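# Quick one: sequence plus predicted model below, questions after.
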Amino acid sequence: MKTVLAGIDFNAPSHEVARQLIGTVLLVDGVGGRIVETEAYDREDPASHSFSGPTARNAVMFGAPARTYVYRSYGIHWCLNFVCCAPGHGAGVLIRALEPLAGIDVMRARRDAAQADLRLLCAGPGRLSQALGVTRAHNGRPLALPPFTLAPRAEEVELVSGPRIGISKAVELPWRFGLAGSRFLSRPFR
DNA sequence: CTTAGGATCGCCT
DNA sequence: GGCGATCCTAAGC
């Protein structure tokens, strides 16, 4: 059974879903913006949480696609992923940066006032989750239902890709994707 | 501009 | 006991 949302086939491989997500608009309770940076992770991928099989933390990665996988990073930050591929496959896409569009005041209030720079509001998985109010309470929720909305991209986009950030295994795999020329990336592509 | 350290949780060996 | 799919602040050049 096919799982299509925002014009994206979530049964596709994670690197494919990660590419197609660039330019779509993600809102949580009406707050969010355009996705400008993603990273793909897969069961066969040593850098992925799913690589060593199911645990309590990564359980939803081994469930149905088009759901969220939210995990705690460094004991401090929350990071938001979309589960993809066939049910039980153990693949996902990390949402790394948004171009803020809706509820910017709300996002600023959730983030530290010292970091009021619009450019840094959702630039990075931890910042993005904080701005959108995403926590463990959102883990495993279907993307097709409130509080989430995912809207198709309005036009074709130019993509860039490169190595993923902050990992120590499979370092050279070019599974980080971005919107070419965006100033809202967590870091530039080289 | 670059680098270093601390915060702090859950899973791993 | 170690090590992250991170971020912030401070200090050095």
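Everything's here; your move.

# burial measure for the residue in chain A positioned nearest to DNA strand B, as a count.
Nearest residue of chain A to DNA strand B: A:Gly75, at 2.8 Å (CB to the nearest atom of the strand). Backbone N, C-alpha and C define where each C-beta goes, glycine included. By the criterion of other CB atoms under 10 Å, A:Gly75 has 5 neighbours.

# ok, now how distant is it from A:Lys2?
Per CB to CB, to the nearest Å, A:Gly75 is found 38 Å from A:Lys2.

# now do A:Pro100
Distance of A:Pro100 to A:Lys2, given as CB to CB: 32 Å.

# With neighbour numbers in mind, choose between the two.
Neighbour comparison, A:Pro100 and A:Lys2: the larger count goes to A:Pro100, with 20 against 7 (by other CB under 10 Å).

# Relative to DNA strand C, how far out is that one?
14 Å (CB to the nearest atom of the strand, to the nearest Å).

# In which helix or strand does A:Asp105 reside?
In the assignment (DSSP states H and E), A:Asp105 maps to helix A:104-110.

# what sits up against that helix?
A:Val31, A:Pro100, A:Ala116, A:Leu118, A:Leu121, A:Cys122, A:Gln130, A:Ala131, A:Leu132, A:Gly133 (CB atoms under 8 Å, 6 or more residues apart in numbering).

# give me the beta-bridge partners of the residue nearest to the fifth one when sequence neighbours are not counted?
Nearest non-adjacent residue to A:Leu121, counting by CB to CB, 6 or more residues apart in numbering: A:Pro100, 5.0 Å away. Using DSSP bridges, the beta-bridge partners of A:Pro100 come out as A:Gly33.

# Enumerate every residue touching A:Pro100.
Neighbours of A:Pro100 in contact, by CB under 8 Å, 6+ apart: A:Gly32, A:Gly33, A:Met107, A:Leu118, A:Leu121, A:Cys122, A:Ala131, A:Phe184.
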